[in-house]
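A.B. asks: Predicted model and sequence follow; I will ask about them next.
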Amino acid sequence: MELNQELEAVPQALSGHGVEESALVTILGKWDPLEREAFRKKTPNLFIEDKERHFQRWDDHYARLLKHEFVRFKNTVMLWSMHPWERDARLVKEAIKKGKASYGVLVEIACTRSSEELLGARKAYHSLFDHSIEEDVASHIHGIERKFLVALVSAYRYEGAKIKNEHAKSEAKIIFDVIKNAHKKPINEDDEVIRILATRSKPHLKALYNHYKDISGKNLDEDLDDIRFKEAVQCLCTPQIYFCKVLDSALKIDVDKNTKKALGRVIVTRADIDIKEIMADYNNLYGVTLPHKIQDIAKGNYKDFLLNLIARGSN
Amino acid sequence: MRAESECHRELKEGRKERSALLIPETMSTLRIPQPVPPVADDCEQLRKAFAGWGTNEDLIISILGHRNAAQRKLIRETYFETYGEDLLKALDKELSNDFERLVLLWTLDPAERDAFLANEATKRWTSSNQVLMEIACTRSSDQLLFARKAYHARYKKSLEEDVAHHTTGEFRKLLLPLVSSYRYEGDEVNLTLAKTEAKVLHEKISKKAYSDDELIRILATRSKPQINATLNHYKDEFGKDINKDLKADPKDEFLALLRSTVKCLVRSERYFEKAARLAINKRGTDEGALTRVVATRAEIDLKIIADEYQRRSSVPLDKAVAKDTTGDYEKMLLAILGHDDV
C-alpha cells in the first residue's frame, strides 16, 4: 500500500462504529515518526495544529468519541454474554440515568419483551439495584411521561390469543376521539388511553390497531404526536418495523452516541428472537440488506461480531 | 439522585413479621395429623363425601380442614388422575352456601385463590376495591406475581386490564399501580429518602391532595420496609400517625381505602384482625369477609391475627367464631383455626 492510501486508511479505521483494529495494527503500527507526523498534519479533524508551538495535538472532542469506539466491541461482548434478564435490567437502569433522550429504551424494553421476559428483567433489577423498576422509574422521571412509563414497565400482559373484538373496536374509537381532541386535552393526561395501551394484551392491541385504521384511514402511531405513545404503539403492534427504524437511524456515520448504541442493543437483544423477520423487513423498507449496511458503517471486531450474531440468528 | 446511592442503609431488625416469606410455619393455625394418611385414601374418602353432596360434610372437613396447601394440591391432582374430574367441580358454580364457598377457597391453591377473589372483586355485583387492595398489598411480591399468572390462566386476561377497566377515577389511580407492583423485598432502608418522602406525604395530605401522583407513587412502588421507615419518620416529625391525618372526612371512601392500604403495607396483622372483628361483630356476621380472612391467612399468619384479636376483644378468635357462626361452616372454620379438637 502506498503512503497516500495508508494515510486514508487509518482515519477510515477510526471513523464509524467501532474501530478497524487490523488496519491500526498493520499500518499505524509500522509507521515511523515522519509518517505519523504526516498523518497528523493531513487529518485536521483528528488533530489540531498548534501553529504557535509547531506541533499537532489530538482534538479533545474526537479523542473522547474515540474512547467510545474502542470500547464498543467490549460493551457488545458483555451485553451478549449476559443473561437476558440482567441485560434488560442494566439497559433500563442506564436509560433512567441518562434521562429523557433515552426513555425510548424504556418503552422498547417494556413493550417488545414477552411478559415473562419483562418479569425476569424486574427480578434481575431487584437483585442488581435493590429497588424495583417501577419505583426507580417513578422517582427519577418527573415529566408528563411518567405515568405512562410507570404503567408500561409494570405490565404483566395476558399472552393468549383470545381477544374480545367488541372491546378492541370500542377502544379504537375511544383513542380516535382522544386524538381528535388532543388540542384541548393532551393525550398524556388521558387515563383511558394509558389504561388501554398499558394493560391490554398484544393480540388485543393489534386488533385495535386494525380497527383504528378502518376508522381513521391512517395508522395509529402516525396519528399520535407524543413520541412515547408513538413508540409504544409501534413496539406493541409492529415491533419488527420499529426495530428496522431504530437500526436505520443508528446505521449512519454522524449520529449521537445514544443512537449509535442502538445498533448493538437491537442486534444483541433480538438475535435470538426475531432478527430474521427484522432483516426481511429491513430489506423491504430500505432496499439494502442489513449485513450489507453493517459492512459499510461498522468496523473491525465490532462489525465482525455483529455480523456473526446476525448470521447465527438467522439460521 | 446521586445522594441516594451514597446514603446510609440500615438493616431492619425485628421486622420478621413484616415479610410473609420469613414467617415461620408455627404462625399457621392448621393442625395436621401425624402421620398424614396416604393421598389415595384421602381421595377415596373425598370421592364418597362429594358423591353424596349434602351428606358428608364432616368427612370433607376432617380431611381438607387438616391438610396444608401442598397436601391439598396433591389431593386435587391425584383426585383428577384417579377420577378424571376436578375435586372442585361440584363447588365451582354459583355459591349460595358459606360452607361450600369456604371449602372452594380453601382448596384452591393460594395463587388461584387470589386470582378468583380478585376477579370477583372486579365484577359489578361483587365489586370490592378493598379486596383488590388487600391482595395487592398483603401478599409478597412473588405471591402477587403468582396470582397474576393464575389470573392469566383462569380468565384469559391480565389482572391489570380488568382492574383498569372496572375501576375509575382516584380508585383506579391507586389500585392499578398497586396490583401491578413488584416491590423490592430486601430489608435495606434509605433513611434520608424516608425523611424526604415523609415530607412529601405530609405536604400532599395537608393540601388534601389525597390522590396526588407523588403520594400514590410512594405507596405503590417503594418496598415495604422503606415505607415503614417513611411512616415512622412521618410520626416522629409531624407528631401524628399518618392514618390519623387521613381521617379528615370519615365518610370519604377513598380515604378509607388509603388508610387500609397503609395498614396492609406496614401492619397487615392489625388490618386482618380488624377485618375479622368487623365481620364477626356485624349483625348477622359478614361471612364473605370472615371466610376470606381465614382462608387466605390460615397458612401465613392467622395465629398472629388470632392473638391480636384476643388482645383487642378479650375473647379468643375461635370462641367468637363458634358463637357467631353455625353448622358446617362453623366446623370448617374451627378446623382451619386448629380448634376443632379432631
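C.D. replies: Sure, I can see it.
A.B. asks: count of residues packed around the residue lying closest to residue A:129 once chain neighbours are set aside?
C.D. replies: Beyond its immediate neighbours in the sequence, the residue positioned closest to residue A:129 (Cβ to Cβ, 6 or more residues apart in numbering or on different chains) is residue A:93, lying 6.1 Å away. The way it works is simple: take the backbone N, C-alpha and C, and place the C-beta from them, glycine included. Here the count is done by other Cβ atoms under 10 Å in any protein chain shown, and residue A:93 has 16 residues near it.
A.B. asks: what about residue A:93, which helix or strand?
C.D. replies: Here residue A:93, judged by DSSP states H and E, is contained in helix A:84-98.
A.B. asks: Buried residues, that helix. List them.
C.D. replies: If you call a residue buried by 16 or more other Cβ atoms under 10 Å in any protein chain shown, then helix A:84-98 has these buried ones: A:84, A:85, A:86, A:87, A:88, A:89, A:90, A:91, A:92, A:93, A:95, A:96.
A.B. asks: Also stretch A:109-124?
C.D. replies: Neighbour-count burial for stretch A:109-124 flags A:109-113, A:115, A:117-124 (criterion: 16+ other Cβ under 10 Å).
A.B. asks: among these, which are within reach of chain B?
C.D. replies: When Cβ under 8 Å from any Cβ of the partner chain is applied, the members of these adjacent to chain B are A:115, A:119, A:122, A:123.
A.B. asks: isn't the first one right up against residue A:154?
C.D. replies: I take that to be residue A:115. No - taking contact to mean Cβ atoms under 8 Å, the distance of 11.5 Å between residue A:115 and residue A:154 leaves them out of contact.
A.B. asks: Test my guess that residue A:302 contacts residue A:73.
C.D. replies: Yes - using Cβ under 8 Å as the test, residue A:302 is close enough to residue A:73 to be in contact (4.3 Å).
A.B. asks: what do the two both touch?
C.D. replies: Taking Cβ atoms under 8 Å, 6 or more residues apart in numbering or on different chains as the contact rule, the neighbours common to residue A:302 and residue A:73 are residue A:18.
A.B. asks: of those two, who's got more company?
C.D. replies: Comparing residue A:302 with residue A:73 by other Cβ under 10 Å, the one with more neighbours is residue A:302, at 27 against 23.
A.B. asks: how much space between that one and residue A:7?
C.D. replies: Counting by Cβ to Cβ, to the nearest Å, the separation of residue A:302 from residue A:7 is 23 Å.
A.B. asks: what does residue A:209 give?
C.D. replies: With distances defined as Cβ to Cβ, the gap from residue A:209 to residue A:7 amounts to 53 Å.
A.B. asks: ok, residue 202 - contacts?
C.D. replies: Answering for chain A, as no chain was given. A:157, A:159, A:236, A:237.
A.B. asks: switch to chain B, that's the one I care about
C.D. replies: Shown in contact with residue B:202 (Cβ under 8 Å, 6+ apart): B:234, B:237, B:238, B:245.
A.B. asks: mind checking the SS state of it?
C.D. replies: Judged by DSSP: H, G, I helix; E, B strand; the rest coil, the three-state class of residue B:202 is helix.
A.B. asks: confidence score at it?
C.D. replies: The score at residue B:202 is 97. That number is its pLDDT.
A.B. asks: same deal with residue A:253?
C.D. replies: At residue A:253, the model reports a pLDDT of 82.
A.B. asks: sec struct for it, please.
C.D. replies: For residue A:253, the reduced secondary structure class is coil; criterion used: three-state DSSP.
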